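In: just to be clear, the model below is a prediction. Sequence and coordinates:
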Amino acid sequence: MQDLIWLLPTFPMLGFLSLVLTGGSLPRKIVAVIGAGSVGLSFLSAVLISAQFLASGEDYFVKELWVWMAIGEFTPGFNFYLDGLSLVMMLIITGVGFLIHLYSTGFMVDDPAYSRFFAYMNLFVAAMLMLVLGDNLVLLYLGWEGVGLCSYLLIGFWYENPDNGYAARKAFVVTRVGDTAMAIGLFLLFTQLGTLNIQDMLQAAQQQWAMGSPLAIAAALLLLGGAVGKSAQLPLQTWLPDAMAGPTPISALIHAATMVTAGVYLVARTHVLFELAPRVQMLVAFVGLATLLMAGFTAMTQRDIKRILAYSTISQIGYMFLALGAGAWSAAVFHLMTHAFFKALLFLAAGTVILSLHHEHDIFKMGGKRKQLPIAFWSFIIGSAALAALPFTSGFYSKDEILLAALAVEGPGMLLWIGGVIGAFFTGIYSFRLVFVVFFGDSQGHHEAKEEAHWSMAAPLMLLMVLALLGGWIQVPLDAVFSSGAGHEEAHVSLLVHAVMIAAPFLGIGVSYLFFMSKVFDLDKLMANPLANSLHRFWFSGWGMDALYQRIFVNPFLYLARINRSDLIDSFYALLVSITRSAHLMLARTQTGYLGWYALSMAAGLVLIISLGVML
Amino acid sequence: MMILFYIAATVAVVSTVGVIVQSNIVHALIYLILSLLAVAVVFFSLGAPFVAVLEAIVYAGAIMVLFLFVIMMLNMGQHTLDQEKTWMAAKDWALPAGLAAILLAQLLYVLREYRVDIVPNEVGVLEVSALLFGPYVLAVELASILLLAGLVSAYHLAKK
Amino acid sequence: MILVALIAILFLGGVLAWLSERLDSKLPRVIALAALVLDLVLMLTLLGGDSADGSWIVALNVQWLPRFGISFHLAADGLSVLLLLLTAFLGVIAVGSAWSEITERPGFFYFNLLWTLAGVLGVFTALDLFLFFFFWEVMLIPMYFIIAIWGHENKNYAAMKFFLFTQVTGMLMLVSILTLAYFHYVQFGFFSFDYFDLLNVSTSSTIEMWIMLGFFVAFTTKLPIVPFHSWLPDAHSQAPTAGSVILAGVLLKTGAYGLIRFAVPLFPEASMNFAPIAMALAVLSILYCAKLAFAQTDLKRLIAYTSVSHMGFVLLGVYAWNEIALQGAVMTMLAHGLSAAALFMLAGSLQHRIHTRDMRDMGGFWAKVPRMSAVALFFSIAALGMPGLGNFIGEFLALLGAFSSNLPMTVIATFGLIFASVYSLWVIQKIFHGEYSNSKFDDSHLIDLNRRELAYFGAMILGLVWMGMYPQSFLDLSAAALQELLAGTQELVSTVVQN
Amino acid sequence: MQSIPIEHGLILAGILFALGLVGVLTRRNIVFVLMSLEVMLNASGLAFVVASARWGHADGQVMFLMILTLAAAEVAVGLGLIIQMYRKFKTVDIDVLSEMKG
């Protein structure tokens, strides 16, 4: 069964091909069966393979398919590598992916481009599986770019609106900045270590590079660049909120559960390099911390239901980076998994809300919907609880591990921990702000809203609710992967620490309740304060990062493009042409047509030549 | 012979001046014939009787008759004569005459140290024809083709 | 002999096509297609053949003008065969794209097309520099006619520009060839234009540098590379579709081939001394033309600039001069041959349908022509270097190889990948996404791709996927040839690099 | 028989050539131009004959014959052209024929 691991990406790939080649001529039912079924089959095989792999007790398993290209030492192959980490990722991708596909069959049912949607989705799953299963960095890069492409295609899925196209291109180009850094990292690794096979490369790095050597730092930094771009961390986080322009299942699958966590996967996969470059690892932690705080502030100010979730995603991935930086590799992957559950749940529930309210995104135009949309309501309650890491939900266990690992970091551990706790506080505020505003209070319109409760949409929500609640009990089999990792020894921390960590989200929820539920604090009054108002606007715009990038990157590029539309270098040749032409015109003036003039010039020439002859 | 040479040379120069300054075209032609005949005499004095005769027959005879015919065909009357006079303004002459003078001066300068006195031996028709039909036979053929071409084109051009 | 047959078939086919026009105006295209398919089939027989003589698969050497040491020397190794296959394949595609587009004087058109291709085949196989130059000119003049007669609104300007650029720099190459032959005479006492003889010529490094520059300028003008690129956008925007296909797909590759086969091996020392400048030019091309591409409003000009940008990777790979980089350059040549040709054909078919190339007038075509849009999307993402497609393999290998020989240039060049995504996606956005509006053009002929078009686009898609997923079949073919080239220059190169 | 300084022959040829040149350059009547051209041709022929006399060889005279042939052909064609010109423009003024200016 393990040998059939190549089936995993093959099923969705076949789904993609059959949907593309038929070009939308299939009936919807069949499209749905192909689209969701292929991922379902993938999930099924993933489960079987996992069972066998875990039963075998092996640390890893390699399936070599064919040599991709072989030039001298450079021999990346189409080889799949299965270990605990890729196993977890593979199950998340196919499992959550299948649920979201199932949900989509209901969600997208009215869309004219039904088939195209599932084609892209299938391609995405295939590419994502390549990313996590590839045994070398080139294959990983193939998946990496492939998911980027699908992300682009799906964000711009409703292409009639140019804004969507803009968001899609922004997502692709911004992540490609990171990808470029990663590509350079690949070049560096190959040039220095002579292989791009991940395991061989890591081994060679351990043998050849000393702790903190400049090469290790450079390599780790470059890979981090790729991870930061894909996972929407500072400073390349600006694309993710705009990416919400895509259909909601896309946001759930790509921009919450799987693709955006690819950066976390990459860092975890190449953790040896980061361990060799402790400074870069510390940088990872601080990037995570900064991102989670920044995104937390911003999430509190957004009005668009999907943007709130997007910023919360950025913030949660920030936690994962914090964990990676703290060396708690397993905790990061664990949080990745729980996050996939509860964030997919939240997005799908948000999709239900949006669909029921006829594509209304502004939470302040909703309100009081808990009766009308019960499934969505409960989904949000459970999802938000897990997001805020309330005790006994899945998010609690993973975030708890992360914060403890952060505290254990030597040096700035306390700082990291405090930042994380503040982040948790914010998480409480913004997650329940959403719940309170949308589901409680007075209805702000859409009184006729009725829940779209087709089983294909309800069932995934139910399943994800269960996972979001109980996912914390899953044991991830990562010990063999991160044998060298830190953060395993149970830190002996005081009860106070635990109390603070548990209290923080509750405090946040409380604040949120006071503002948005009981209205003890008046938001309008607060907004009247100029300082609060300008802060609000600053946070709302995502800390002005978009405007900043617009000013320092986009505008100069557009300016350069505009002033040099007709190619400066060509004007040099145009100059040559005009010089030749004017010289020609000048000489043509001597062509008077008068015979006497010609004879005279001939005579003058004769005189001249003889003079020369005489003189020489 | 020396005297003959100088006399003929003087006549040639004077009559050539006549050619270029005359405004009456027929007079000019007569001067030209005179000039050519004088040159024929020069040839003779240089011991080249064959070309002297050819000069007189072909040049002064045949070619000049052609000119005469054309002048007659063109039928230039009094108005061309007047026109001719108006065209011969002094300022039109200055530059060409100056150029020609410079050219001549250069020639004289080049010849300044060239000094060979000869007593011309007659190089007659025998030697010329021996060469013509010896080494230069190809040139003769070419010349005949040239003449043929001239004949055809002249016929074609002068035709209506 | 087979090489002669390949070239002769095209020459004769061209003449036949021209003559057959009198019988029936539909006959020339059939004859052209038949000649090219025949060529393609004949070339396939080269694939099986084992190389008897080093890396050379077939060779033919006949005295031509022995007094000047000029011989009729044709030979093909794996590298040549790959490019020959590309030429014949794109030739077939070009005939397909001209099939219904060329109605005016078709006989003469196919005559020119086949003669250009015959010249290209000659360039890819000639091993006598005099013969090489001869073929170099043969491919130039028919192309001039193709642009000047069947081009669009500004065809005379474009054709003249194309002609002057290539001709002037071709003359520089001729001067270099003659100088090289002269130095061979000085050194060995007899004239020879033969490649293998000229490889042994050694001159002072200054002279070598100047001769090398003659070749370099000729080849980089063809490639083209900034600052010799400005003929390309004009030529492409004015040429008929088939002309663009041949121009972008094949003619540009002759420049790269010349660099790999002649410029570097003949002058390894000068080339390696010159490599930093060449690589800087490559980087300049990549970035500058990517930016220019983004600024264009004329679709064909845009694609033309992207060609220049991609050819920068080829130049980078060639001057890195190691096996990975060279394989990358070759793969880029092949993949770009297909992707650029396909993009030009798409632009051509759009122009054929709506009679404009101005992207400002277009938008939202996805709703109207979904198949064409999907095909365009495919080739756009191929052009931006999506892994799994041929272009990625080429660019990745070129950069990977170049990284070890010139780190800063490679790092800067890598940023070209970002710009590639900017302009590629911009095309998709501008033409196929957005709201459909037909206020600026008559859309009565805007119909989706027909079977013939689908067939050749399908073939090209398959080709790119093959190159992307299993490039080994191409790498294997050229490996022996490239290794031999590298081995021949290794000593000299390593001394230069050490210094 | 007295000797003749050969350079005098050449000087005569030079003078005649210069005079002919003056004629070609100054006259506007095309018939005059043609006549002056004849003078110049004749002068160059003279130079050949002088050279022939100087060396006592006949080659110079052969050359003179060639020039003679040339002159004959030239005059025939030239006069034909003049007639055509006169028919077409009703003038013999060469400055009227300035169509060929660049």
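Out: Received, thanks. Numbers count the residues shown, from 1 in each chain, chains lettered A, B, ... in the order given.
In: does residue A:64 count as helix, strand or coil?
Out: strand (DSSP: H, G, I helix; E, B strand; the rest coil).
In: give me the helices and strands touching the helix or strand where residue C:3 lies, please.
Out: Assigned by DSSP states H and E, residue C:3 belongs to helix C:2-20. Judged by 3 or more CB pairs under 8 Å, 6 or more residues apart in numbering or on different chains; DSSP states H and E, helix C:2-20 is in contact with helix C:27-48, strand C:56-65, strand C:70-77, helix C:106-125. Yep, even glycine has a C-beta here, placed from its N, CA and C like the rest.
In: closest to residue C:464 out of the ones you listed?
Out: helix C:27-48 (18.0 Å; CB to CB).
In: next, the buried residues of that closest one.
Out: Neighbour-count burial for helix C:27-48, counted by 16 or more other CB atoms under 10 Å in any protein chain shown, picks out C:27-29, C:31-33, C:35-36, C:38-40, C:42-43, C:46.
In: next one: stretch C:150-160
Out: C:150-151, C:155, C:157-160.
In: near chain A at all, that stretch?
Out: No. Taking CB under 8 Å from any CB of the partner chain as the criterion, stretch C:150-160 and chain A are apart, separated by no less than 9.8 Å.
In: list the contacts of that stretch.
Out: Stretch C:150-160 is contacted from outside by C:102, C:104, C:109, C:144-145, C:147-149, C:231, C:234-235, C:237-240, C:243, C:351, using CB atoms under 8 Å, 6 or more residues apart in numbering or on different chains.
In: 7 Å - rerun?
Out: Applying CB atoms under 7 Å, 6 or more residues apart in numbering or on different chains, the set of residues contacting stretch C:150-160 from outside is C:102, C:104, C:109, C:144, C:147-148, C:234-235, C:238-240.
In: could you dump those into TSV with pLDDT, secondary structure and neighbour count added?
Out: Shown next, in TSV, are the contacts of stretch C:150-160 (pLDDT from 0 to 100; DSSP: H, G, I helix; E, B strand; the rest coil; neighbours: other CB atoms under 10 Å in any protein chain shown):
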residue	pLDDT	secondary structure	neighbour count
C:102	82	coil	24
C:104	83	coil	10
C:109	91	helix	28
C:144	92	helix	20
C:147	92	helix	28
C:148	91	helix	18
C:234	89	helix	24
C:235	90	helix	31
C:238	90	helix	25
C:239	90	coil	29
C:240	91	coil	26
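In: ok, which pair from those residues is furthest apart?
Out: C:104 and C:234 (21.3 Å).
In: show me what from chain A comes close to chain C.
Out: Residues of chain A lying close to chain C (CB under 7 Å from any CB of the partner chain) are A:23, A:66-67, A:69-72, A:74, A:141-142, A:145-146, A:149, A:156, A:159-160, A:162, A:165, A:169, A:172-173, A:176-177, A:180, A:183-184, A:187, A:190-191, A:560-562, A:564-565, A:567, A:569-570, A:573.
In: what's residue C:362 sitting at in phi/psi?
Out: Residue C:362 adopts backbone torsions of phi -100, psi 170, taken as degrees, to the nearest 10.
In: surely it is in contact with residue C:431?
Out: Yes. With contact defined as CB atoms under 7 Å, residue C:362 counts as touching residue C:431 (4.6 Å).
In: quick check: residue D:86 vs residue D:30, distance?
Out: 9 Å (CB to CB, to the nearest Å).
In: so what sits against both of those two?
Out: With CB under 7 Å, 6+ apart, residue D:86 and residue D:30 have common neighbours residue D:92.
In: so for these two, which residue has more residues nearby?
Out: Neighbour totals were compared for residue D:86 and residue D:30, and residue D:30 leads with 23 against 18 (other CB atoms under 10 Å in any protein chain shown).
In: list the contacts for residue D:61?
Out: By CB under 7 Å, 6+ apart, the residues touching residue D:61 are B:48, B:50-51, B:123, B:128, D:49, D:52.
In: hey, where'd the helices end up in chain B?
Out: B:2-21, B:25-45, B:49-54, B:64-74, B:78-87, B:90-110, B:125-132, B:137-158 (DSSP state H).
In: weakest of those helices by average pLDDT?
Out: Of all those, the minimum mean pLDDT falls on helix B:78-87 (a mean of 74).
In: please list the outside residues in contact with that one.
Out: So helix B:78-87 is contacted by B:23-24, D:28-29 (CB under 7 Å, 6+ apart).
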